[in-house]
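Novice: Give me the fold of what follows.
(6 chains)
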There are 6 protein chains.
Amino acid sequence: MLVTKLVLRGVYVGRFQPLHIGHCQAIKYILREVDELVIIVGSSQYSHTFKNPFTCGERISMIRMAMNEINIEHSKYLIVPIPDLENHALWVSLVVSMIPRFVRVYSNDPLTTRLFEEAKIEVKDIPLYEREKYSATEVRRRILEEEKWHELLPTSVTNFIIDIDGVARIQRLKVTDNL
Amino acid sequence: MLVTKLVLRGVYVGRFQPLHIGHCQAIKYILREVDELVIIVGSSQYSHTFKNPFTCGERISMIRMAMNEINIEHSKYLIVPIPDLENHALWVSLVVSMIPRFVRVYSNDPLTTRLFEEAKIEVKDIPLYEREKYSATEVRRRILEEEKWHELLPTSVTNFIIDIDGVARIQRLKVTDNL
Amino acid sequence: MLVTKLVLRGVYVGRFQPLHIGHCQAIKYILREVDELVIIVGSSQYSHTFKNPFTCGERISMIRMAMNEINIEHSKYLIVPIPDLENHALWVSLVVSMIPRFVRVYSNDPLTTRLFEEAKIEVKDIPLYEREKYSATEVRRRILEEEKWHELLPTSVTNFIIDIDGVARIQRLKVTDNL
Amino acid sequence: MLVTKLVLRGVYVGRFQPLHIGHCQAIKYILREVDELVIIVGSSQYSHTFKNPFTCGERISMIRMAMNEINIEHSKYLIVPIPDLENHALWVSLVVSMIPRFVRVYSNDPLTTRLFEEAKIEVKDIPLYEREKYSATEVRRRILEEEKWHELLPTSVTNFIIDIDGVARIQRLKVTDNL
Amino acid sequence: MLVTKLVLRGVYVGRFQPLHIGHCQAIKYILREVDELVIIVGSSQYSHTFKNPFTCGERISMIRMAMNEINIEHSKYLIVPIPDLENHALWVSLVVSMIPRFVRVYSNDPLTTRLFEEAKIEVKDIPLYEREKYSATEVRRRILEEEKWHELLPTSVTNFIIDIDGVARIQRLKVTDNL
Amino acid sequence: MLVTKLVLRGVYVGRFQPLHIGHCQAIKYILREVDELVIIVGSSQYSHTFKNPFTCGERISMIRMAMNEINIEHSKYLIVPIPDLENHALWVSLVVSMIPRFVRVYSNDPLTTRLFEEAKIEVKDIPLYEREKYSATEVRRRILEEEKWHELLPTSVTNFIIDIDGVARIQRLKVTDNL
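Specialist: Okay, the predicted model is just below:
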């Protein structure tokens, strides 16, 4: 018999490049189904590219700010960065070894879903919230082309990106990626 | 002018193999000096050796249980795993890229201290609490030699180690390390 | 004077994503020229992408099944997985260190050929057998678009792919690669 | 229903630095219990140290020679090199991804046993055959100190080590390790 | 007080695939502003691809030949290879740890510039010298398409590429990259 | 026929932790036999341990200072850092790919010698100059135990170590290594 109390813990995987309102909707949705959520900052090792402009530390900051803004208590979630591996077949083991025990993964990404399912771990879809609009790809595109992007993000995250000069970073990195 | 509110954030680095009462004392001490603490799970990639028996995920579980047990609120700390690097000269940059902005590091480890100081980052000592007794080396030795070890750990961590069959793991791994 | 009997050993490099009838033709052709063949499972670390859907273990299974199906004795070949390296200049050394001594490489791939030739190792072309049809790219395309693909593979490999649910894997992974 | 015929496949892990008569006894023992054996050349990436003098390719050669010498058919076994990983928690996944499906592991090594058991994979002990004498450590010691070592190895492996000048390699490398 | 004499040392980063007259112009320009120049051979680990055909050693040879040809003394520069890292956020630290102390970086590459600026290291632009013509991309294109390319390189570098059969290498590798 | 002039180029491998007078003697000796010398800074990735206290950049600085001090012209040598590899069997290939063509290696280290000899590259011994006294191990021991160490190093290197606070670094790191 286990002495330690069991917790109904879920897992949510994202890159958060950057965190947007769609991520917030997903997290609120999942927290109705589980007691506690592990938010995985995926592809944690990448930064300073157009597709992955922000560092892991910046993305952790964004998540904590956004959770505060939408009134999700700190006790309800924890954040764990996980790098991509060259060998996809090891990634589920990496996740299992790096986070507390969990019962279920929430994901719409086909590769993530496939890998967990092959390891016999339950995966559930998340209802997408205006997918066309609330996507990190769309946010980066608007920042690049100097269209309105503030409305796609929680206010605290918008301010944070401005503070760290994230707009210039994205615009600069695009040029390098084009070479 | 920054829009984002500045937080007085400290950093504490440990391996937590396993977490013991000395770690709890240190964290309580540091939280009197800072608003928020980043607890780094160092050498995060190692597990299943006698010196590093527990996985990163198990160590994160221990930290959360212990913080609950000593009534430290979730909003006061966040946990980030950081692997060791072959190239020590890059480790401070790795830390800086993986965690939110911080003002100061708390450490008694000479290498950690040296690396941060060479990077012009402030480091402060932590008063040690009965160092002979409260050390992870001592905990592993007592587990190995079947002496009393429960008194060195928070009760929740003791229970967790028992639940995951950690005693047998440590005893087994010692044999491999001896070969 | 060497005591160990010398064997005329050849090397054949493929990714086998998946193994098809063209690979079988090539292996039969080479075995007319050498006593023993080392079949290298190249890019061994990749799986679960549209271009590299199958794991190393699955590809080894395919090769053994196909060799049985076309009546090539086990004593005539051995299979060794070799990962790709970031640094191409080291790859020939890796091969040399990981397999028994060999006299010649069979390959039509320009990079493989170039690397072995620069290392002063003999490389011979393999006659291609209906290249348009018998290629792994064509197999994956047909699986994706639900065209007839069974005829391109040995029967045992077709059955194996069906057993491990390989069709769904390829179709799912295509979506991720499109993102 | 699976179309592919199921094989009762076992796994045996060794470093084979070098292969000795104890390994041969173990393989004969296991082949009485399984249809087919995957022989894993562990720590495959190491060579040219006193503890790991031989390359992966040399060790594969030794295994094939020894299996011929003791009349084990090629169809009964396959050889797969697997590197050590810095992160032990991923090693079982690596094995699973790199070899065909198997039902059971044979090992006396405490770490190997522990890792497979934590992954819910069956592990069986192998009866040791004069462990003091038939061990790779003893072989290397005797080679270093110029005592009789031929009797510990299959004749073909002894000859192979002589052919590749393995004695000088071991004696030289000892000096480097001492520094 | 420092005993060691301080040197006004600059840094110039290039891939030199291959070195062309534009690089020579840049180096001459920079040496008017600094006492000594560290020439970084970037992406040092890559070779034998169409974009990165030459090894690090070949690129070092090119630089030394070209510096001789344009009469830059050996005492004025040193060459240090630096690999790309998966994690961009660590690259500046890697540079700092691998070369002697420097005061300024010369670069027109947006990513390089951004990374050094975020680390509070001064970066200056270099006036480009007929950028359309003098670029490594243009050199490789001309070699591939068998147009006139000698005029873009110092004579010694042209001869070196011919000596090492670099033309065939580039033409061959293009085919592999197209697959 | 080669257009590029051939140079009689030798290779000397050291870790230079730190560079001492024995290294200087060796380099002077070798330069009597070759036109140009590639000085390899081995184990380039390590720093901040007791055995490897100095970064690659610091070691490059030491070499250049010492060569100036003993009046060896810049045109006679070039310095290339090479990291250790986990897989020794690839190290010679790495060296060959990272430096200009060479004819001979100078080394007394048994592993280095063995690896180059197995690759059919000529290796020559270097006469040792008061080995007991002029060794990096002895220098670090004296620094640690606060005995006289200046006399073992070129004056410029002694001054450099003092300038970068190397004495404190070595003394601090010893403590960490003892844990």
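Novice: so who does the one residue in chain A that gets nearest to chain B touch?
Specialist: Of all residues in chain A, A:H74 sits closest to chain B, at 3.5 Å by Cβ to the nearest Cβ. For every residue, glycine as well, the C-beta is placed using N, CA and C. Contact analysis of A:H74 by Cβ atoms under 8 Å, 6 or more residues apart in numbering or on different chains lists A:67, B:73-75.
Novice: Out of those, name the ones that lie in helices.
Specialist: Residues of the contacts of A:H74 located in helices (DSSP state H): A:M67.
Novice: any idea how far the residue of chain A closest to chain B is from A:V80?
Specialist: Separation of A:H74 from A:V80 (Cβ to Cβ, to the nearest Å): 14 Å.
Novice: And for A:C24?
Specialist: Taking Cβ to Cβ as the criterion, A:C24 is separated from A:V80 by 19 Å.
Novice: ok, now A:F50?
Specialist: Counting by Cβ to Cβ, the gap from A:F50 to A:V80 is 25 Å.
Novice: Give me the more crowded residue out of these two.
Specialist: A:V80 (23 against 20; other Cβ atoms under 10 Å in any protein chain shown).
Novice: The more buried one and A:L37 touch, don't they?
Specialist: No. If you go by Cβ atoms under 8 Å, A:V80 and A:L37 don't touch, sitting 10.9 Å apart.
Novice: Who are the contact partners of A:I99?
Specialist: A:I99 touches A:11, A:38, A:40, A:78, A:80, B:56-57, B:60, counting by Cβ under 8 Å, 6+ apart.
Novice: and it, what pLDDT?
Specialist: You'll see A:I99 listed with a pLDDT of 98.
Novice: ok, now the one 4 residues further on?
Specialist: Listed pLDDT for A:V103 reads 97.
Novice: Spell out which residues belonging to chain A are near chain B, please.
Specialist: Near chain B, the residues belonging to chain A are A:2-4, A:44, A:47, A:55-58, A:60-61, A:64-65, A:73-75, A:78-81, A:96-101, A:156, A:159-160, A:162-163 when assessed by Cβ under 8 Å from any Cβ of the partner chain.
Novice: from those, which would you call buried?
Specialist: Taking 16 or more other Cβ atoms under 10 Å in any protein chain shown as the criterion, what is buried in those is A:4, A:44, A:47, A:55-58, A:60-61, A:64-65, A:78-81, A:96-100, A:156, A:159-160.
Novice: Can you flag which of the residues you listed belong to strands?
Specialist: A:78-81 (DSSP state E).
Novice: Export those residues as TSV, with columns for pLDDT.
Specialist: Shown next, in TSV, are these (pLDDT from 0 to 100):
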residue	pLDDT
A:L78	98
A:I79	98
A:V80	98
A:P81	98
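Novice: residues near A:E118, how many?
Specialist: Residues contacting A:E118 under the criterion other Cβ under 10 Å number 15.
Novice: can you pull the contacts of it?
Specialist: A:V92.
Novice: How many neighbouring residues does A:K148 have?
Specialist: Neighbours of A:K148 (other Cβ under 10 Å): 7.
Novice: List, one by one, the residues from chain A near chain E.
Specialist: Checking chain A against chain E by Cβ under 8 Å from any Cβ, the hits are A:45-49, A:55, A:169, A:172-173, A:175-176.
Novice: For chain A, which residues score under the pLDDT cut-off?
Specialist: Judged against pLDDT under 70, the low-scoring parts of chain A cover residues A:1-5, A:175-179.
Novice: Show me the beta-bridge partners of the residue nearest the centre of it.
Specialist: Geometric centre of chain A, nearest residue: A:G14, 2.7 Å, by Cα atoms, centre = their mean. Note on A:G14: beta-bridge partners by DSSP bridges are A:V41.
Novice: Now look at the helix or strand hosting A:Y29 and say if it contacts chain C.
Specialist: A:Y29 belongs to helix A:21-31 when elements are defined using DSSP states H and E. No. Shown here: helix A:21-31 not in contact with chain C (Cβ under 8 Å from any Cβ), separated by at least 14.7 Å.
Novice: got the angle between that helix and strand A:77-81?
Specialist: Angle between the axes of helix A:21-31 and strand A:77-81 is 120 degrees (criterion: axes from the mean of the first three to the mean of the last three Cα atoms, to 10 degrees).
Novice: Now do the buried residues in helix A:21-31.
Specialist: A:21-27, A:30-31.
Novice: Just the closest of those to chain C, please.
Specialist: A:G22 (14.7 Å).
Novice: How about the closest one: what's its closest non-neighbour residue?
Specialist: In space, and not counting its chain neighbours, A:G22 is closest to A:Y134: 3.2 Å by Cβ to Cβ, 6 or more residues apart in numbering or on different chains.
Novice: how many other residues sit next to that neighbour?
Specialist: Per other Cβ under 10 Å, the neighbour tally for A:Y134 reads 20.
Novice: Quick check: phi and psi at it.
Specialist: Note on A:Y134: backbone dihedrals following degrees, to the nearest 10 are phi -90, psi 80.
Novice: ok now do the residue nearest to the centre of chain A, which residues does it touch?
Specialist: A:23, A:26, A:39-42.
Novice: Quick check: A:N87 vs C:L37, distance?
Specialist: Distance from A:N87 to C:L37, by Cβ to Cβ: 26 Å.
Novice: Residue numbers of chain A in contact with chain C?
Specialist: So far as Cβ under 8 Å from any Cβ goes, chain A lies against chain C at A:86-89, A:109-111, A:113-115.
Novice: cutoff 6 Å now
Specialist: A:86-89, A:110-111, A:114 (Cβ under 6 Å from any Cβ of the partner chain).
Novice: Rebuild those as a markdown table, extending it with neighbour count and secondary structure.
Specialist: Output for the residues of chain A next to chain C, formatted as a markdown table (neighbours: other Cβ atoms under 10 Å in any protein chain shown; DSSP: H, G, I helix; E, B strand; the rest coil):
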| residue | neighbour count | secondary structure |
| --- | --- | --- |
| A:E86 | 12 | coil |
| A:N87 | 21 | coil |
| A:H88 | 21 | helix |
| A:A89 | 24 | helix |
| A:P110 | 18 | helix |
| A:L111 | 20 | helix |
| A:R114 | 21 | helix |
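Novice: These: which two are farthest apart?
Specialist: Across the residues of chain A next to chain C, the longest distance by Cβ to Cβ is 19.1 Å; it joins A:E86 and A:P110.
Novice: May I have the residues that are in contact with A:L78?
Specialist: A:L78 makes contact with A:V38 under the criterion Cβ atoms under 6 Å, 6 or more residues apart in numbering or on different chains.
Novice: run the last query once more with 8 Å
Specialist: By Cβ under 8 Å, 6+ apart, the contact set of A:L78 is A:36-39, A:99-100, B:60, B:64, B:78-79.
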